[in-house]
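Student: I would like the atomic coordinates for the input below:
(2 chains)
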Amino acid sequence: MSDISLTFPDGSQRSVRKGITGKELAESIAKSLAKRAVAMSVDGKLADLADPIEADATVKIVSRTDPEALELIRHDAAHVMAEAVQALWPGTQVTIGPVIENGFFYDFAKAEPFHPDDLAKIEAKMHEIVGRNAPFTKEFWSRQKAKDFFKSKGELFKIELVDAIPEGEDLKIYKQGDWLDLCRGPHMTSTGQIGKAFKLTKFAGSYWRGDHTKPQLQRIYGTAWATEPELAAYLRMIEEAEKRDHRKLGREMDLFHFQEEGPGVVFWHPKGWELFQNLINYMRRRQNAAGYREVNGPQILDKSLWETSGHWETFRENMFTTVTEDERTFAIKPMNCPGHVQIFKHGLRSYRELPYRVSEFGIVHRYEPSGALHGLMRVRGFTQDDAHIFCTHEQLADECLKINDLILSIYRDFGFEEVVVKLSTRPEKRVGADALWDRAEAAMADVLKKIEAQSGGKIKTGINPGEGAFYGPKFEYVLRDAIGRDWQCGTTQVDFNLPERFGAFYIDADGEKKVPVMIHRAIFGSMERFTGILLENTAGHLPLWLAPVQAMVCTIVSDADAYAEEVLELLRLSGLRAQIDLRNEKINYKVREHSLSKTPVMLVVGKREAEERTVSVRRLGSQEQKVLPLKEVLSQLTDEAVPPDLKRAKRAIEAAA
RNA sequence: GCCGCAGUAGCUCAGGGGUAGAGCAACGCAUUCGUAAUGCGUGGGUCGGGGGUUCAAUUCCCUCCUGCGGCACCA
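Tutor: Okay, here's the model as predicted:
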């Protein structure tokens, strides 16, 4: 029998018998290793320990605590959960149970819904199965055998899965004791390797194959880790995430609320609106500096306009409409683009005016599915930091790159450095000829390459096939927040359709009428949603330039009231958003209250400060107190409160002058 | 929209076939106090809406609305 050469993680090489299994290999290396081994990695690909190694490869024996084993623990836990559910509720069909970030799920078909208490029952049964420590064994079955078997068990979904496996591919069955499942593998050596560090977290509805026209299944989510401290740390992390839920922060900080009569629309309170306006003002400055001019389009327009734009055909079910006394049908705008095209079209445009960039903080309404609504993150009425650029084909790529620069620069101002740019290509439901789509997608693919190259590898890119807007392909900018969640915010969409549909044109240098290309772009996307993201990212600890109330002057005794009023007045004259708390309460009480409402700066004044004309400064999140001269505090705070773009401008002016 | 769960005072929540309770908040009084809750007192609820069962419904049933967790959809 011939030998093969294996390379190990430490770089050493060894010649072994061809067809040696991972288990044999581990045993030949060290008994202790064989004991710890749960799987192996062959050329970076996880495999069962019982698999034979047939060719030269880099091999690592994986033990339970290796990072590679984590997905196996989770996958094995999914299998054990499926066994547990079938043991508790015979007749339940199993479907699929993949590993996901931080855990796993399994989708079941069961006539009776699960009850919340069932999670504990299933968990207990899982512990029992893990305790039995039955080995995972793999068998290769014929298609027919598998189908006959699952048919006899009434597992109709599994039969569909068998049919979906391409001809020529092995059909693997993994057994754990008496229970078995169709599975691609690999698995660890036995159920006992899963350990105890798992927990079922929630259950939910789902659709077979993710398709809402297919049967509804019941999904159970779980999390699993190699060790119990890791599980505990994960559960703590979840708790932390809940604490920074923007809906909770919105209430605690008195920023906004929702109520029954307005599903999906926001009631902004004074402090929330202040924050919102700070964001708008920042964006307005950035856009104006980048050559955009702000406009405002009508909120309600005749149906005919939406027919021309194609919205009536492709977006109708998402639109709020109204019929007036005279029986005209109007729609509340779900997008700003048709309005901007009207502005472009008004009067004759010369090629000299291109690129023609118009921006609008456009309030749009979309009838979103009820189940999609989620705080500020998904609403039915929201403000877009929208803009449209009318340009020539030649200008298109350059404009996309300019937008890219602007977007990335703005995200950096909010501390979002990790950004992924994705190109979404033509969807099934679309307007425009395929030739136009070919052209747009080719141009965008080219720009995407440039974006990646330009960033020096910092920006990751990707493709979302079929997810473009109905009028054109788009770039989606996805940012990652402080706790690792991804949010799609910005978007750049190239549109060869709308200008043509509306008959928009410009007079070119040769005196001919030409149809411009239109670029739709948004940076925050939805101002509401970005506010929510920002709140969760900062856990409510907003930077001073954004905080609705920047400083709270708190008195210790009423003897300091007059001085406190004077401090307040000076703060306000300095352009700071300050408030005063003269209530007859202890300072502990005031500090606690303003800490809970996340006021960034507390300026405490008592008798001493009043006499010395100082203030005691306490920053949110810190117990430290600094007693400083009033003058110094004013200059420090005013400096800190300058928005990042104005700070840059200030520096630029100083450098140039 | 689909599946499941929930809706009780401004907030957080307890209760449960005989028309409701706590803490915080609010209001009043006292307290002038050095960095995360001063004390005492008072007021406040058609128990999400509608319908049904019942002598009696906040409680049980139906239905609608809203929210929550997913799915599907998406900025």
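
Student: Tell me which residue of the stretch 301-450 of chain A lies closest to RNA strand B.
Tutor: Closest approach between the stretch 301-450 of chain A and RNA strand B, counting by Cβ to the nearest atom of the strand: A:Gly371, at 1.8 Å. Glycine gets a C-beta too; all of them are placed from N, C-alpha and C.

Student: Show me where the stretch 151-300 of chain A has its helices.
Tutor: A:156-164, A:228-243, A:246-252, A:270-289 (DSSP state H, counting those that start in this stretch).

Student: Is any residue of the longest one near RNA strand B?
Tutor: I take that to be helix A:270-289. No: using Cβ under 7 Å from any atom of the strand, helix A:270-289 never reaches RNA strand B; the gap is at least 13.6 Å.

Student: Now do the buried residues in that helix.
Tutor: Within helix A:270-289, the residues scored as buried using 16 or more other Cβ atoms under 10 Å are A:Lys271, A:Gly272, A:Glu274, A:Leu275, A:Phe276, A:Asn278, A:Leu279, A:Tyr282, A:Met283, A:Arg284, A:Arg286, A:Gln287.

Student: Adding mean pLDDT as columns, could you present the helices of the stretch 151-300 of chain A in CSV?
Tutor: Shown next, in CSV, are these (pLDDT from 0 to 100):
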stretch, mean pLDDT
helix A:156-164, 93
helix A:228-243, 90
helix A:246-252, 93
helix A:270-289, 96
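
Student: Out of the ones you listed, which gets nearest to A:Glu441?
Tutor: Of all the helices of the stretch 151-300 of chain A, it is helix A:270-289 that lies closest to A:Glu441, at 26.9 Å by Cβ to Cβ.

Student: contact partners of the closest one?
Tutor: Contact partners of helix A:270-289, identified using Cβ atoms under 8 Å, 6 or more residues apart in numbering, comprise A:250, A:253-256, A:268, A:294, A:359, A:361, A:383, A:385, A:387, A:406, A:409-410, A:413, A:523-524, A:527-528, A:530-531, A:534, A:542, A:545-549, A:577, A:643, A:645-646.

Student: And that helix, how far out from the chain middle?
Tutor: 22 Å (Cα atoms, centre = their mean, to the nearest Å).

Student: then it to CSV, C-alphas only?
Tutor: Output of helix A:270-289 as CSV, limited to C-alpha atoms (Å, rounded to 0.1, in the frame of the first residue of the first chain):
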residue,chain,number,x,y,z
PRO,A,270,-38.1,67.9,22.2
LYS,A,271,-34.8,66.2,23.1
GLY,A,272,-35.1,63.6,20.4
TRP,A,273,-35.9,66.2,17.8
GLU,A,274,-32.9,68.2,18.8
LEU,A,275,-30.7,65.2,18.2
PHE,A,276,-32.4,64.5,14.9
GLN,A,277,-31.9,68.1,13.8
ASN,A,278,-28.3,67.9,14.8
LEU,A,279,-27.8,65.0,12.5
ILE,A,280,-29.7,66.8,9.7
ASN,A,281,-27.6,69.9,10.1
TYR,A,282,-24.4,68.0,10.0
MET,A,283,-25.5,66.2,6.8
ARG,A,284,-26.7,69.4,5.2
ARG,A,285,-23.3,70.9,5.7
ARG,A,286,-21.5,67.9,4.3
GLN,A,287,-23.8,67.7,1.3
ASN,A,288,-23.6,71.4,0.5
ALA,A,289,-19.8,71.3,0.8
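
Student: how far out from the middle of the chain is stretch A:443-453?
Tutor: Here the centre of mass of C-alpha atoms in stretch A:443-453, compared against the chain's by Cα atoms, centre = their mean, lies 23 Å away.
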